[in-house]
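Q: Next one to model:
(chains A and B)
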2 protein chains.
Amino acid sequence: MRNNQFAIQPTTPAERQAELKALRLLPDDWQALTPKALLKHFLVTSHPAAKTAASANQWLNGLAATKDQSVMAWLTSDDPLTTPIFDLIALQLLHFIPEVDYQVTAPVAAVEKIRLPLLNPTSWNVATVTDAFYQLLISRNNNGYRYLDQLVADGALAWTYQLPAAEKPLIFNGQPIACFDPATFIREVVYVETDLDTDFDGQADLVKAEIIRPVESNHGLKVPAVFTASPYNQGTNDAWGEKVTHQVNHPLTHKLTSDQAPAELPFPQPQTYQTITGEASQATETFSETPSYTLNNYLAARGYAIVYAAGIGTKDSDGLQTCGSPEQTASMQAVVEWLHGDRQAFTDRTSGQLIKAAWCNGHVGMTGRSYLGTLSTAVATTGVAGLSAIVSEAAISSWYDYYRENGLVMAPGGFQGEDADVLAAETFSRTKNLADYLKIKPTNDHYLHQMARAQDRKTGNYNAFWAARNYRPQIKNIQCPVMMVHGLNDDNVKPNQVKALYDGLKANGIPAKIILHQGKHIYINSFQSLDYSEMINLWFAKHLWRFDNQADEVLPAVLVQDNYTPQTWRTVNDWDGVKTTHFNWGTGCLTPKAVEATTQFFTDGHPAEQYQAWCHHPNQWQQALLADNGSFSAHFRTANISQEITYRGTPHVHARVKVNADHGLLSAFLVDRGLAKRLTVSPVTINPRSLRAGFHFGSDDLREFKLASQVSPAKVISFGHINLQNRHSASQVDDLQPNQFVDVDFPLQPIFHRLPANYQLELIIFATDYQMTLRGNEPLTYTLDLANCWLEVPRD
Amino acid sequence: MRNNQFAIQPTTPAERQAELKALRLLPDDWQALTPKALLKHFLVTSHPAAKTAASANQWLNGLAATKDQSVMAWLTSDDPLTTPIFDLIALQLLHFIPEVDYQVTAPVAAVEKIRLPLLNPTSWNVATVTDAFYQLLISRNNNGYRYLDQLVADGALAWTYQLPAAEKPLIFNGQPIACFDPATFIREVVYVETDLDTDFDGQADLVKAEIIRPVESNHGLKVPAVFTASPYNQGTNDAWGEKVTHQVNHPLTHKLTSDQAPAELPFPQPQTYQTITGEASQATETFSETPSYTLNNYLAARGYAIVYAAGIGTKDSDGLQTCGSPEQTASMQAVVEWLHGDRQAFTDRTSGQLIKAAWCNGHVGMTGRSYLGTLSTAVATTGVAGLSAIVSEAAISSWYDYYRENGLVMAPGGFQGEDADVLAAETFSRTKNLADYLKIKPTNDHYLHQMARAQDRKTGNYNAFWAARNYRPQIKNIQCPVMMVHGLNDDNVKPNQVKALYDGLKANGIPAKIILHQGKHIYINSFQSLDYSEMINLWFAKHLWRFDNQADEVLPAVLVQDNYTPQTWRTVNDWDGVKTTHFNWGTGCLTPKAVEATTQFFTDGHPAEQYQAWCHHPNQWQQALLADNGSFSAHFRTANISQEITYRGTPHVHARVKVNADHGLLSAFLVDRGLAKRLTVSPVTINPRSLRAGFHFGSDDLREFKLASQVSPAKVISFGHINLQNRHSASQVDDLQPNQFVDVDFPLQPIFHRLPANYQLELIIFATDYQMTLRGNEPLTYTLDLANCWLEVPRD
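A: The predicted structure is shown next:
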């Protein structure tokens, strides 16, 4: 394991001593003890399994101080405390494995290699023992959490559950610790009233919210709320989604400038609101379990209230599923407003009994990945009061870029044929209340039908439907700091989604952090080598609990996982590189130098059997494309690079191209060429359910990206597509004649990629992308005028 | 979903009413109510989320009674209760999906198709409503558990936690319900003293046991203990196991009758025992989490004490890892003896304070799969008092058949090069206490070294080492009923392991049940379509709680999953078929008819590149073997069978063969030939963590075997191997001369396989099995004398 730990608050000795006292680990007479006696006290006090001295000593008998001596034997010897002894004990307590993670005779070297934040003091006295034990508590173990949190999971801090509300939360190193008893959590349901009527019934839509909060929040402790807005939360209609998935195995067609999709159905203003009959002091509906994000469980044990809402068009709420519309955003904004005291909610759907979030300190954070992160971003762009921080994970910032690209219908990776209406059908969980569903079904069917037309799969153009689902123009309205997390290999929500948000926040001077990992569309809160949960806790402690913990200074602005070396992260100040390389396209080559003017062609379309096979297994198509020698693609490759280069930012392709038809598309892959074992893009489970959120409270699989067991010759690192009839913009149709040379300029997905020395960068130009575009299988011939083609890639 | 539910106790109306009253679901005045009012009472009482009438009515508003009416509207109407209305409500409560699992207008047909045990009374009155709701409570939902357990998971029965110990456990339909609060479980550690000294230190080995039990067991409730004996439980040494894994890419050699491996190192009798200083009233060591079997969690919530021990040679225990030896069995037997009051245990390793299992009712069950199930079987063969039932899942009954076969070194599927010494090294978790390990290391290294010789990879013969690890001769000593569970596709612990146990129990008249599923080496307690957990609960309720619940009569003797149709199980009285088909081998054909006398040869050994590829990817070898046209194998196939046949029992191969060397082996595959979508042998996760063991207490992934998405032409259904020098027995070496025809007779793995009409049965004879045998890659030619070869397969 190679530890990458960022959430460490700098502290003074006095602060460390005070915190250890608050945790009842540092005894009052600590300065009167010998260093060894103090260390024994720390060890025994933090080992709750032993209830007697005999049991504790038995445990110390099993711990080694040196290769020849147990800790028990060493404690009763005259041998002094040394750094090797402390480190060997620490490595055992942190569950590192002898002969694998460390050599028993060389613990200090292992501590350094693993990068644990332990001390190596010049002398060992009670002050340095205290500091060293403090550092041990914040050191991360072989299971991906800190020794402090290991003590929590072992029950060593369960006594903190009994502390009065006024003394909570206990803080250690700038973060609240897990001092809230999950067995006593309050679970309650409220119905937030919106100013929407998205099911055309005249009544203001109610939106259900589920809340999990510590019992102390009923006894005077005001806690922040972490809100996850998830349309999936109340269930999904998987079989129905499959049924309405669109056919993609048909050709592009010629577009006319007059092609115009019908506008969306507008929603009315509500005619009536709930009649208020009084105010309840407590909720009247509860729940047992709700689909949860394990990061939220981690935070719940640390005193944050956790709130889930699925928004309009879901089980127990009103309205329809609009897939990214302003109304969906407003329905989630309403929950934040209620938490902040600016909107009313009821205990149920009919009685008119108001209920307030009196337990909330008014600071709301938002979390969640994908659609959930998208809604965090969307709500933030409303500038709603009370929203104090959001974590935007693998989030969409414009739905056009999710289902379309430059005038083309485009699939999220792995979901060919999905579109806004499909996702709406899948997440319309009012189906789960059958009587409610049977009533609303005609309205919903009609709505989905018009949505299917408004989204316009015919032209693939940007229109009013998509403009309503583009949050980027409102980035300037964001009032709270934003933490972005995205996979550089995410082909579902693609990296340009987060890049646009990142750039917009930067342009508007809004405080932001970004973490770019080497995964696809995944959560990263259970990685062995990165302290992501602690980073979020530290950052939320600052922005939601409002503790002065230096989180903004301590956490890196831009954190990027290396694409070749496992468990390695780089901190930089900006995503984009400062230089740009301009590559010309010669026959087979990509070079900054001048090249001879020539043309090159390739032909799309394949024999029926090949076509069918690739439709069923698009991965095989990609392998064939990488190996193609110019029959259905054009390849341009650099020479072996002489020294490693990190390409970072958004590459651009400019091409002059003609096609023997009145319609066509151009696709581009940017490829890292070189025989290597590459990181797998899906993390591997190291230890199932070993990552524990608290004491008998939830667990997660410990995971990590590993190197593939086999070498691979190439990896696609970026891609882009454009309709030849959208040369000026996604919303403007240009005419196209057969064999008319036209110029297109389009961005590829943004990258942050280290290309090692002796590797090559390759650009592949082709038409049909079996994984993402329509698959027409027309035998069209595309010709490139290479003298008018170039590629620009920003770099270190 | 197609429900397969067996654990249903027949009850009388009076019993049903009494049980519903005990659950506080049937009101005192039930006979004075209308049928509809009673049903409303049942519904509302079992919906704990709603704390007010308004909330409850809101929920009833969302439930449909018919396609046009909510339950709320129907309740206030004059429309009577009908079976379609009851069934539609039931389907919703059980989370089946409209338009997927059922049609709203045809609920009764769906109930029948899903096979829910609901009623269809001729008239609906309060008596039939009561019966119908009782049946609903025991009906299994779409998430793989009963509605009763769904209520538990929703908290509807959390009030039962407060009942006094004397009123527990609450029983419903013959099984204890989850009326024990997991948040108050006692977790404690004791050290059981054995009569062993397996680490040669003169002292009686102590074995650590971890206990989880309900707090009520401290207040007068005597509970049964479910004990899982798992050498893995305290951690494993994966990296070390890999390091000592044996090389298998070398040839067989000629064996001499004089070849004799050295005997095992005998263990001394202990010289000293703990000095007793007194008796403690409670344990002095606790623990937080222990690796648990989710079935045990399910049972824990239902009042069973759960006990884990890892035995000798594991963390916090004494002794060495002996891999299946009588000493290992004795160390686990000691735990049962302590639970039954026949052996002493201490609170820790040094203080001499005795501790008793005063909370135990003296009835111990054992659970667990693979090595765990093996030790259940092994302990049962000691006939130890107190052991009242064991579930033997995927268990070894003779270690020789795990690591050897008929004089050959043989790998468990997927674990080439593993052997007893490797498994011992992997599970020797005294490594986890570093100081303890550093002390015992020389002793352990020496022990493993002698074990490697005693297990004798050189000859592969059965010897004293393996005889000590063969539990079959002691099956006659088993005193308790046995439930066996095994995968018909388990190539790790192979089906002959359970068949030998099954046959032995039958021969000795010991009560037994067996479940044969279509999986590999897996647990089956989280399947959507089978009520396995309930079967175990019912069976343990009978044998451990000693309730008179007709479990033995209700549960099938032999339950077999169908190999072609998903979610389909067959109950029979015996594994073996009553007939046997005798097949002769003609050129290319397998036939009951007479065939012409001829010979057929094939040649083992392949070009180096091919050989290396197959060593790395043995699956590819198997594909090649299935497609081979006689170059390195001989194939004999029946004609298309005219009607389906179920082959059941142990097939036998007799062959007359010669090889042009003084050593050789014969391998056989029995193959189901026919283009079909077959069940996957690994279950698919339907819904992660949706199977809940209790209220806020653990969850499991809901799983099921699915049909593969692609058709396959063939499936290996049985196999066997023999060393040509072990023609008489595994322990006796026969001479072999090059080109000497010899007769071998060997069993294949037992089967229970339905071969559909128009399919073919095929026998493939070959030599090297890349997945399991040594891989010598010698170009040996084997010649079969077909007139003296036959295959016998028992059948329906």
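Q: isn't residue A:631 right up against residue A:603?
A: Yes: assessed by C-beta atoms under 8 Å, residue A:631 is found in contact with residue A:603 at 6.9 Å. Just so you know, the C-beta spots here come from the backbone N, C-alpha and C atoms, and that holds for glycine as well.
Q: what's the burial count for residue A:113?
A: Neighbours of residue A:113 under the rule other C-beta atoms under 10 Å in any protein chain shown: 14.
Q: can you check the one 5 residues further on too?
A: Taking other C-beta under 10 Å as the neighbour definition, residue A:118 ends up with a count of 22.
Q: pretty sure it is touching residue A:89, no?
A: No: the pair residue A:118 and residue A:89 does not pass the contact test of C-beta under 8 Å, sitting 10.4 Å apart.
Q: before we move on, the earlier item: who's more crowded, residue A:631 and residue A:603?
A: In terms of neighbours (other C-beta under 10 Å), residue A:603 is the more surrounded of residue A:631 and residue A:603; the figures are 16 against 10.
Q: how far away is the closest residue to that one other than its chain neighbours from residue A:604?
A: Beyond its immediate neighbours in the sequence, the residue positioned closest to residue A:603 (C-beta to C-beta, 6 or more residues apart in numbering or on different chains) is residue A:781, lying 4.7 Å away. Here the criterion is C-beta to C-beta, to the nearest Å. By it, residue A:781 lies 8 Å from residue A:604.
Q: The two - which one has more neighbours?
A: A direct count of neighbours by other C-beta under 10 Å for residue A:781 and residue A:604 places residue A:604 higher, at 23 against 16.
Q: just for the stretch 151-300 of chain A, where's the confidence low?
A: Screening the stretch 151-300 of chain A residue by residue with the criterion pLDDT under 70, one finds no matching range.
Q: And the helices in it?
A: Per DSSP state H, counting those that start in this stretch, the stretch 151-300 of chain A carries helices over the ranges A:238-244, A:294-300.
Q: quick one, which of these is nearest to chain B?
A: Across the helices of the stretch 151-300 of chain A, chain B has its closest neighbour in helix A:238-244 (4.7 Å, C-beta to the nearest C-beta).
Q: which residues sit against that closest one?
A: Contact with helix A:238-244 is made by A:418, A:421-423, A:425-426, A:431, A:448, B:97, B:99-100, as judged by C-beta atoms under 8 Å, 6 or more residues apart in numbering or on different chains.
Q: which one of those sits closest to residue A:367?
A: Taking C-beta to C-beta as the measure, residue A:423 is the one of those closest to residue A:367, at 20.5 Å.
Q: Sticking with the closest one, tell me its helix or strand.
A: Secondary-structure assignment from DSSP states H and E places residue A:423 in helix A:420-427.
Q: Equivalent analysis for residue A:365, please.
A: Assigned by DSSP H and E, residue A:365 belongs to strand A:360-366.
Q: next one: that strand to chain centre, how far?
A: 20 Å (C-alpha atoms, centre = their mean, to the nearest Å).
Q: Please name the strands paired to it in the sheet, noting orientation.
A: As defined by DSSP bridges, the strand partners of strand A:360-366 come to strand A:223-229 (parallel), strand A:387-393 (parallel).
Q: what's the longest helix seen in chain A in contact with?
A: Identified as the longest helix of chain A according to DSSP state H is helix A:434-454. Contacts to helix A:434-454, defined as C-beta under 8 Å, 6+ apart, come from residues A:199-200, A:244, A:261-265, A:313, A:320-323, A:419-421, A:424-425, A:428, A:430-431, A:463-465, B:61-65, B:67-73, B:88, B:92, B:98, B:104.
Q: Name the nearest residue to whichever residue of the stretch 51-200 of chain A sits closest to chain B, ignoring sequence neighbours.
A: At 3.2 Å from chain B, residue A:62 is the closest residue in the stretch 51-200 of chain A, using C-beta to the nearest C-beta. If the residues on either side of it in the chain are set aside, residue A:62 comes closest to residue B:433, at 3.2 Å by C-beta to C-beta, 6+ apart.
Q: how close does that neighbour sit to residue B:484?
A: Computed with C-beta to C-beta, the distance linking residue B:433 and residue B:484 is 36 Å.
Q: quick one: which of the two has more around it?
A: A direct count of neighbours by other C-beta under 10 Å for residue B:433 and residue B:484 places residue B:484 higher, at 26 against 22.
Q: Assign a three-state SS to that one, would you?
A: strand (DSSP: H, G, I helix; E, B strand; the rest coil).
Q: who's in contact with the strand holding residue A:365?
A: A:217, A:222-229, A:304-305, A:336, A:339-341, A:375-376, A:379-380, A:386-391, A:540, A:543-546.
Q: so how many other residues sit close to residue A:12?
A: If you count neighbours by other C-beta under 10 Å, residue A:12 ends up with 8.
Q: residue contacts, it?
A: So, once contact is read as C-beta under 8 Å, 6+ apart, residue A:12 ends up touching nothing.
Q: same question, the one 4 residues further on
A: Taking C-beta under 8 Å, 6+ apart as the definition of contact, the neighbours of residue A:16 are A:130-131, A:134.
Q: returning to that earlier point: residues of the strand holding residue A:365 that come out buried?
A: If you call a residue buried by 16 or more other C-beta atoms under 10 Å in any protein chain shown, then strand A:360-366 has these buried ones: A:360-366.
Q: who does the one helix or strand in chain A whose mean pLDDT sits lowest pair up with?
A: Every helix and strand of chain A was ranked by mean pLDDT, DSSP states H and E. The lowest is strand A:684-692, at a mean of 88. Pairing partners of strand A:684-692, with direction, according to DSSP bridges: strand A:699-704 (antiparallel).
Q: Wait, residue A:183 touches residue B:183, no?
A: Yes: Residue A:183 is in contact with residue B:183 according to C-beta under 8 Å; the separation is 4.2 Å.
Q: Overlap in contacts, those two.
A: Counting by C-beta under 8 Å, 6+ apart, the contacts common to residue A:183 and residue B:183 are A:696, B:696.
Q: Close to chain B: what parts of the stretch 551-700 of chain A are there?
A: A:692, A:695-696 (C-beta under 8 Å from any C-beta of the partner chain).
Q: hmm, 7 Å instead?
A: Of all the residues in the stretch 551-700 of chain A, those in contact range of chain B (C-beta under 7 Å from any C-beta of the partner chain) are residue A:695.
Q: Quick check: the residue of the stretch 551-700 of chain A nearest chain B.
A: At 6.7 Å from chain B, residue A:695 is the closest residue in the stretch 551-700 of chain A, using C-beta to the nearest C-beta.
Q: ok, that residue touching residue A:159?
A: No: the pair formed by residue A:695 and residue A:159 falls short of the contact definition of C-beta atoms under 7 Å, at 10.9 Å.
Q: who has more neighbours, the two?
A: Counting neighbours by other C-beta under 10 Å for residue A:695 and for residue A:159 shows that residue A:695 has the greater number, 22 against 12.
Q: for the residue of the stretch 51-200 of chain A closest to chain B, what are its contacts?
A: Residue A:62 is in contact with A:70, B:433, B:435-436, counting by C-beta atoms under 7 Å, 6 or more residues apart in numbering or on different chains.
Q: What sits closest to residue A:518 if chain neighbours are left out?
A: Skipping the residues right next to it in sequence, residue A:518 comes nearest to residue A:561 by C-beta to C-beta, 6+ apart, at 4.7 Å.
Q: Helix A:434-454 and the helix holding residue A:423, what's the angle between them?
A: Interaxial angle, helix A:420-427 versus helix A:434-454 (axes from the mean of the first three to the mean of the last three C-alpha atoms, to 10 degrees): 170 degrees.
Q: Residues touching helix A:420-427, excluding its own?
A: Under the criterion C-beta under 7 Å, 6+ apart, external residues in contact with helix A:420-427 comprise A:231-232, A:236-238, A:240-241, A:244-245, A:314, A:321-324, A:399, A:403, A:448, A:451-452, A:455.
Q: same deal with stretch A:636-653?
A: Counting by C-beta under 7 Å, 6+ apart, the neighbours of stretch A:636-653 from elsewhere in the structure are A:499, A:575-577, A:585, A:588-591, A:668, A:670, A:673, A:718, A:720, A:745-748, A:750-763, A:791-796.
Q: Before I go, just wanted to say thanks for your time.
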